[in-house]
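In: Got a predicted structure plus its sequence, pasted below:
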Amino acid sequence: MAETPKPGSIVHVEFHVKEPKKVEKFYASLFGWKFQEVPGMNYSVFQAPSGPGGGIGGLQPGNWPPGVINYISVNSVDEYQEKVKKAGGKIIAPKNEVPGQGWFAIFEDPSGTRMALWQQNPNAPHM
């Protein structure tokens, strides 16, 4: 069984891009990453040789620019959404559920860098 990530650890890396299949091909040829499509979504997951795995998907509706978002493990997305605001950050996408996996929220730090909070469902395998 894999060790449970400590709060504050990066646990998932997500690429938001216009052409996901083109980006998958690039990383597969460059590093040998294997991608698995998630049924019913414009999204694929990958596992790197070490460190956190991640996903590649199309751009989300609204104001999600292309780029990479790192997901950071927290004990409570609700608690950390408030901490982000008090520390001078901004919540871009409030708490959402990934069914059966956990909960996330996207935020910007004071410089405008986008990151995500991730609360693992204790009954789900770790990302």
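Out: Sure thing, it's come through. Numbers count the residues shown, from 1 in each chain.
In: Give me the phi and psi angles of Ser50.
Out: Reported as degrees, to the nearest 10, the phi and psi values for Ser50 are phi -150, psi 170.
In: Any idea how many residues pack against it?
Out: Residues near Ser50, counting by other C-beta atoms under 10 Å, number 5. All C-beta atoms are positioned from the backbone trio N, CA, C, and that covers glycine.
In: distance of it from Phe31?
Out: Computed as C-beta to C-beta, to the nearest Å, the Ser50 to Phe31 distance reads 12 Å.
In: Of all the residues in the helix or strand containing Lys21, which ones are buried?
Out: Assessed by DSSP states H and E, Lys21 sits inside helix 20-31. Residues of helix 20-31 classed as buried: Pro20, Val23, Glu24, Tyr27 (neighbour count, 16 or more other C-beta atoms under 10 Å).
In: Local confidence estimate at Pro39?
Out: Note on Pro39: pLDDT of 88.
In: Run through the bridge partners of Trp118.
Out: Ser73, Phe104 (DSSP bridges).
In: Take the buried residues of helix 20-31 and lay them out in a markdown table including distance to His12 and pLDDT.
Out: As requested, the buried residues of helix 20-31 are exported to a markdown table (distance: C-beta to C-beta, whole Å; pLDDT from 0 to 100):
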| residue | distance to His12 | pLDDT |
| --- | --- | --- |
| Pro20 | 16 | 92 |
| Val23 | 16 | 94 |
| Glu24 | 16 | 95 |
| Tyr27 | 15 | 95 |
